[in-house]
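Colleague: Quick one, what's the 3D model for this:
(one chain, ligands or ions: 1)
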Amino acid sequence: MMPVEGDQQLRQLEHRQRVLFSQDLRGSRVLEIGCGQGDMTLVLANAVGENGSVLAIDSARGDYGAPRTLAESQRALRATPLGSRIEFRLETTMADLSDQPFDWVILAHCSWYMRPAEWDEVVRSLPRFGNRLVFAEWDLDDSPASRAVRLQARVAERVPEFQLNVRMARPFAEMGDSLVASGWELVHERALDTSALMDGRWEIENTRNEVPTWLNEDWVLRELAELEGVAEVRSLPAKVAEFRRT
Ligand SMILES: C[S@@+](CC[C@H](N)C(=O)[O-])C[C@H]1O[C@@H](n2cnc3c(N)ncnc32)[C@H](O)[C@@H]1O
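Modeller: All right, here's what the predicted structure looks like:
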């Protein structure tokens, strides 16, 4: 997700607000994995209230992210009235955390940024940190945006050292199945209205700009040609699911 100013920034926050559709987080200790610039973190800090707290971790360095870096954005959020409820930790994965119980663990729009092995490691580690989980992610359909993220994921698999945003584009149901297979029970799931969001357009632009043209292989060139001149960009669909462990 690219942080943007104005109307789109507000819509991004509203989208994260819809991710928390029924959970009462007041007074909770929350662990957010893959917090990025902190959009979801801010919504969580509001939801936990003055007696709650959010530990928001991200594996990236502070200088990652554009047009605003993670460090800049997180510093700005810490300076807001909700900032004292948030602890950000950069260059941090779950492997760096000591075992500690949280009331909720939140994964919002971060799993596609992980390589499959990193996702497997996250799924394995989750039970060390809590029994209630909210998982939100984009889904795949037949749109040009889905085509673009599939291409990013294929390129990331083909050239692992190349740093693209999306490294794994899997259908939402498949991600949920991997959680269920590791012992999580699905409490409920629902589709999110993404019609006001521009992430689909951004992913097409990212793909055009970042997929290396030196990767002169037929399938890459064919996919890039398909994305040329895409006029109307439907937003990527998204879903959210709540899981628990008993
Ligand atoms: C789309 S961005 C941030 C989304 C953010 N949760 C939100 O909803 O606003 C996804 C982030 O996941 C981070 N990430 C990827 N793999 C990670 C991992 N194994 N542990 C922690 N963070 C990770 C990336 O560095 C990136 O900043």
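
Colleague: To what extent is Arg16 buried, counted in neighbours?
Modeller: The burial count assigned to Arg16 is 24, neighbours taken as other Cβ atoms under 10 Å. All C-beta atoms are positioned from the backbone trio N, CA, C, and that covers glycine.

Colleague: State the pLDDT value of the residue of the chain found nearest the ligand.
Modeller: Nearest to the ligand in the chain, going by Cβ to the nearest ligand atom, is Gly36, at a distance of 2.4 Å. pLDDT recorded at Gly36 is 97.

Colleague: to the chain's geometric centre, what's the distance from stretch 10-29?
Modeller: Relative to its parent chain, stretch 10-29 has a centroid offset of 14 Å by Cα atoms, centre = their mean, to the nearest Å.

Colleague: quick one: buried residues of that stretch?
Modeller: Of all the residues in stretch 10-29, those buried under the rule 16 or more other Cβ atoms under 10 Å are Arg11, Gln12, His15, Arg16, Val19, Leu20, Gln23, Leu25, Ser28, Arg29.

Colleague: same thing with stretch 108-120?
Modeller: In stretch 108-120, counting by 16+ other Cβ under 10 Å, buried: Ala108, His109, Cys110, Ser111, Trp112, Tyr113, Met114, Glu118, Trp119.

Colleague: Mean confidence (pLDDT) on that stretch, please.
Modeller: Here the average pLDDT along stretch 108-120 is 97.

Colleague: What is the end-to-end distance of that stretch?
Modeller: End-to-end distance of stretch 108-120 (Cα to Cα, to the nearest Å): 16 Å.

Colleague: Run through who's touching that stretch.
Modeller: Identification of contacts with stretch 108-120 by Cβ atoms under 8 Å, 6 or more residues apart in numbering yields 1, 16, 19, 32-36, 40, 93, 122, 134-138, 149, 153, 156, 160, 165-170, 175, 178, 238.

Colleague: same thing with stretch 87-96?
Modeller: Against stretch 87-96 from outside (Cβ under 8 Å, 6+ apart): 33, 35, 38, 41, 53-62, 70-71, 74, 77-78, 118, 121-122, 125-126, 128-129.

Colleague: Try it again at 6 Å.
Modeller: The contact list for stretch 87-96, computed with Cβ atoms under 6 Å, 6 or more residues apart in numbering, reads Leu55, Ala56, Ile57, Asp58, Ser59, Arg61, Gly62, Gln74, Ser125.

Colleague: Would you mind listing the buried residues in that stretch?
Modeller: Phe88, Leu90, Thr92, Thr93, Met94.

Colleague: for stretch 224-243, same thing?
Modeller: For stretch 224-243, burial by neighbour count (16+ other Cβ under 10 Å) applies to 224, 227, 230, 233-243.

Colleague: what residues does this protein put near the ligand?
Modeller: Residues of the chain lying close to the ligand (Cβ under 6 Å from any ligand atom) are 1, 16, 33-36, 39-40, 57-60, 93, 108-110, 113-114, 118, 122.
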